[in-house]
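Undergrad: Predicted structure and sequence below. I'll ask about it afterward.
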Amino acid sequence: MSDKKNSSSANTTLNGKFKALSFDEDGILADLFRKVIIDLGYVNNMKSLITAYKRRGGRKSSATVTRLVFDGELTWKSFVFLLFHIIHVKKAVITIKLEHESGIVSEHSTEVTYDHDSSETKKKKDEK
């Protein structure tokens, strides 16, 4: 069943191949990563982001990274790798908003930072 409000798609080219990205078919983290690259305008620049990753000394092959980007299911480890190493962010705040059956709405966050100089990941819980 498709939720029209949250359903969107985009087209991208990587290595000259046309691929349609659809949010209706894949896992939650894959959906979220695709929304990030679309919102940031990176959807048509993935090849250059992967090339930049390799120039920075990235050890994963371009083929492996490409598979991760376009795979329908991402593990948490792969999702975080793509954020910090491919998109090259230094901090991410992950928030989940829950609507309970009782009507209570709760929000829970954690902050993850990545020091690109030392290759160290640090987690900080939100104080809410």
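TA: The structure has been received and is ready for your questions.
Undergrad: wait, what's in contact with the most centrally placed residue in the chain?
TA: Centroid check for the chain by C-alpha atoms, centre = their mean gives Phe33 as the closest residue, at 2.7 Å. The contact partners of Phe33, by C-beta atoms under 8 Å, 6 or more residues apart in numbering, come to 69, 74, 79, 82-83. Every residue, glycine included, has its C-beta placed from N, CA and C.
Undergrad: One more pass at 7 Å, please.
TA: Counting by C-beta atoms under 7 Å, 6 or more residues apart in numbering, Phe33 touches 74, 79, 82.
Undergrad: Likewise for Asp71?
TA: Contact analysis of Asp71 by C-beta under 7 Å, 6+ apart lists Ala30.
Undergrad: Please report how far it lies from Ala30.
TA: 7 Å (C-beta to C-beta, to the nearest Å).
Undergrad: again, but for His85
TA: Going from His85 to Ala30 by C-beta to C-beta gives 17 Å.
Undergrad: cool, Glu107 as well?
TA: Plainly put, Glu107 is 23 Å away from Ala30 if you go by C-beta to C-beta.
Undergrad: who's more crowded, those two?
TA: Using other C-beta atoms under 10 Å, the more surrounded residue of Glu107 and Ala30 is Ala30, with 22 against 10.
Undergrad: thought that one was touching Glu73?
TA: Yes: between Ala30 and Glu73 there is a contact under C-beta atoms under 7 Å: 6.0 Å.
Undergrad: What is the lengthiest strand in the chain packed up against?
TA: In the chain, with assignment by DSSP state E, the single longest strand is strand 105-115. Packed against strand 105-115 by the contact rule (3 or more C-beta pairs under 7 Å, 6 or more residues apart in numbering; DSSP states H and E) you find strand 91-99, strand 120-125.
Undergrad: Which strands border it, and is each parallel or antiparallel?
TA: Paired with strand 105-115 in the same sheet, following DSSP bridges, are strand 91-99 (antiparallel), strand 120-125 (antiparallel).
Undergrad: in it, what's buried?
TA: Within strand 105-115, the residues that count as buried by 16 or more other C-beta atoms under 10 Å are 112, 114.
Undergrad: where's that strand relative to the chain centroid, distance-wise?
TA: A distance of 15 Å separates the centroid of the chain from that of strand 105-115, by C-alpha atoms, centre = their mean, to the nearest Å.
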